[in-house]
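> next one to model:
(one chain, ligands or ions: 2)
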Amino acid sequence: MNGLDEDNSESEEELDTKLDLSNLTEYELKIADDVVASDDIPVSFEDIGGLEDIIEELKESVIYPLTMPHLYASSSSLLSAPSGVLLYGPPGCGKTMLAKALAHESGACFINLHISTVTEKWYGDSNKLVNAVFSLARKLQPAIVFIDEIDAVLGQRRSGEHEASGMVKAEFMTQWDGLTSANSHGTPQRICVLGATNRINDIDEAILRRMPKKFAVPLPSTHQRRGILKLILNDTKIDKDHFDLDYVVRVTAGMSGSDLKDACRDAVMTPVREYIRQKKAEGSLRAGVDARQVRGIRTSDFFSTKGNIHQMRESQTTALVNDLEEDEEDERRVESELDTSSERSRDDYHETVNAS
Ligand SMILES: Nc1ncnc2c1ncn2[C@@H]1O[C@H](COP(=O)(O)OP(=O)(O)OP(=O)(O)O)[C@@H](O)[C@H]1O
Ligand SMILES: [Mg+2]
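Ligands and ions are numbered 1, 2, ... in the order given. Got it, this is the predicted structure:
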C-alpha cells in the first residue's frame, strides 16, 4: 500500500508557495508531484501501538539529526542523519504507518516516491529523473525520500533484467552516495532515504549497505497487541462487565496490527447489527435510531462474525478458544510458541541482514 497520497491538494498549494517552482527543472517538477507536506499526513506516533522502542530510536537517529543538525554536527561529523533507513517485516505490522508518522512529526519535507510513476518513467528519461529526486531533495532539505515496497523498485539485479533498470539502480546508488558528502559550506546533507519492505531478501545487497539503519517491525508480541488493541478500541463503547481485554490479547496471538484492526472493526459491527435487528423486529426502525442505545462491545463479539478471529487464525486459535477453561496451561504454551515464532521471524530477518 502506498497510502500517503490521500488528499494532498492542499499540500501542493502550500508547497508551491514554499518552493519557487520557477527554479525547478522539468524533471524536478515531475518529482515534485510526489512531495507531501507533513501537516497533511493524518498519522502521528500516538496512533501507533506497541512500537515505542522503534519510534524512540527513529526520533533519536533520524528526526533530531535532520531537524537539529547544529546539535549533532558540532560534536562529531559522524553524528549526521543516516543516509538510509529501512523498515522491514511481515505485512500489516505498521511500516507504512511509521513512515507516515515520521513524515508528520519530523516536519521535514517528504518525497513519497511512487513505484508506478518511477518505474513508468524510469525507462525513458530514467537517469535524469533519478538525478531530479536527489537535486529536489537537496533544494527542499531537510528531506526524507520515502520508497514504499522498495524491493519492487530496487530489488536484486537479475540476469536478463532490462538494461535500463540496472542503469537506474546504479545511478540511484551513485546519487545516494553523494548524500554523505558535505556541501560547499562543509555542512552534511540533511536528506534521508527511507525504505519499507516485507521482502528484505529481494533487496539488492548494495542497496542494503546504503541503509545502515534497519528496523525490524515484526508481528506484535503479547504486550504490543495489548497496546494496539487499547489504541484501536480507545473511543469504542465497551461493556466492561463482559469484556476481557486479556482474553482478546491472548487469542489474537500471531495476528498483525492490520488483522487486529479488522477484528475490532468486525466486533464493533456486532452490537450495531444487533440493535438494528431489534429495532426492525419492534417495527420502530423508521422512528429513528439513537447511537447511545447501542450496547458496548463484549468479548463474544470478537467471535460472532464469520471471518473474524475464529476463521481467520483457525489453526492457531481453535485450541486456545475451545480448551481455554479446561487447559489454561496448554493455551499459554501455544501462545508463547506463537510469540516465539514472531520473535524467530525477527531473528531470521536479523540474520539475513547481518549475513548480507
Ligand atoms: N502498530 C500498529 N498500531 C496501530 N495500528 C496498526 C499497527 N500496525 C498496523 N496497524 C493497522 O494496520 C494498517 C496497515 O498497516 P501498515 O500499512 O503500516 O502495514 P505495513 O507494515 O506497511 O504492511 P505492508 O508490508 O503490507 O505494506 C494500518 O493502517 C493500521 O490501521
Ligand atoms: Mg506498507
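
> which residues touch G94?
I48, L51, V217, G257 (CB atoms under 8 Å, 6 or more residues apart in numbering). C-betas here are computed from N, CA, C, even on glycine.

> which residues of this structure score low on pLDDT?
Within the chain, the stretches with pLDDT under 70 are 1-21, 72-80, 115-124, 155-165, 180-188, 305-356.

> looking at it, what residue ends up closest to ligand 2?
Ligand 2 sits closest to T96 of the chain, with a gap of 3.3 Å, by CB to the ion.

> ok so, going back, need the max-distance pair from the contacts of G94.
Using CB to CB, the two most remote members of those are I48 and V217, lying 10.0 Å apart.

> what do these two both touch?
G94, L98.

> who has more neighbours out of those two?
V217 (24 against 20; other CB atoms under 10 Å).

> quick one, strands of the stretch 201-350 of the chain?
213-216 (DSSP state E, counting those that start in this stretch).

> what sits against the residue in the stretch 151-300 of the chain positioned nearest to ligand 1?
Nearest to ligand 1, among the residues of the stretch 151-300 of the chain, is G257, at 2.2 Å (CB to the nearest ligand atom). Applying CB under 8 Å, 6+ apart, we find G257 in contact with G49, G50, G92, C93, G94, M97, P220, I228.

> you'd agree L113 is up against F146?
Yes - between L113 and F146 there is a contact under CB atoms under 8 Å: 6.5 Å.

> looking at the two, which one has more neighbours?
Relative neighbour count places F146 above the other of L113 and F146, with 27 against 23, counting by other CB under 10 Å.

> the stretch 201-350 of the chain against ligand 1: which residues are in contact?
I228, L231, G257, S258, K261 (CB under 6 Å from any ligand atom).

> what residue spans form the domains of this structure?
7-216, 222-344 (the TED database).

> which of the contacts of G94 sits closest to P142?
P142 lies nearest to I48 out of the contacts of G94, by CB to CB, at 21.7 Å.

> residues touching that closest one, list them.
Contacts of I48 (CB under 8 Å, 6+ apart): I55, G94, M97, L98, A101, L231.

> hang on, the earlier thing: which one of the domains of the chain is the most hemmed in?
domain 7-216 (a mean of 18; mean count of other CB atoms under 10 Å).

> which secondary structure elements does the longest strand seen in the chain contact?
When the chain is parsed with DSSP state E, its longest strand is strand 191-197. With contacts taken as 3 or more CB pairs under 8 Å, 6 or more residues apart in numbering; DSSP states H and E, strand 191-197 sits against strand 84-88, helix 95-106, helix 115-140, strand 143-147, helix 150-153.

> strands paired with it, and their directions?
strand 84-88 (parallel), strand 143-147 (parallel) (DSSP bridges).

> how about the CA coordinates for the first one, as CSV?
Pointing back at strand 84-88 there. The C-alpha coordinates for strand 84-88 follow below in CSV (Å, rounded to 0.1, in the frame of the first residue of the first chain):
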residue,chain,number,x,y,z
GLY,A,84,19.3,5.4,4.5
VAL,A,85,16.8,3.8,6.9
LEU,A,86,15.0,0.5,6.2
LEU,A,87,11.8,-0.7,7.9
TYR,A,88,11.2,-4.4,7.3
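
> need the residues that contact it.
58, 61-62, 95, 98-99, 150, 176, 192-198, 200, 203, 208, 210-217, 349.

> can you tell which of the helices and strands packed on strand 191-197 is closest to D290?
D290 lies closest, by CB to CB, to one member of these: helix 95-106, at 34.0 Å.

> packing partners for the closest one?
helix 52-58, strand 84-88, strand 143-147, strand 191-197.

> now do the last one against helix 95-106, angle only.
By that I understand strand 191-197. Going by axes from the mean of the first three to the mean of the last three CA atoms, to 10 degrees, strand 191-197 is angled at 160 degrees with respect to helix 95-106.

> just list the residues touching E57, thanks.
F215.

> repeat for L233
C264, I297.

> and for E274?
Here E274 is in contact with R295 (CB under 8 Å, 6+ apart).

> return the residues of the chain in contact with ligand 2.
K95, T96 (CB under 5 Å from the ion).

> 6 Å instead, please
M1, K95, T96, D148, A196 (CB under 6 Å from the ion).

> quick one on the thing from earlier: how about the helices and strands packed on helix 95-106 in CSV, adding distance to A287?
Below are the helices and strands packed on helix 95-106 laid out as CSV (distance: least, CB to CB, whole Å):
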stretch, distance to A287
helix 52-58, 47
strand 84-88, 51
strand 143-147, 50
strand 191-197, 50
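
> indicate which one of those is closest to ligand 1.
strand 191-197 (5.8 Å).

> that older thread, wait, which of the contacts of G94 is closest to R298?
G257 (22.4 Å).

> tell me how far that closest one lies from D47.
11 Å (CB to CB, to the nearest Å).

> identify the contacts common to those two.
With CB under 8 Å, 6+ apart, G257 and D47 have common neighbours M97.

> return the residues in contact with G49.
Applying CB under 8 Å, 6+ apart, the residues near G49 are P220, Q224, G227, I228, L229, K230, L231, I232, G257.
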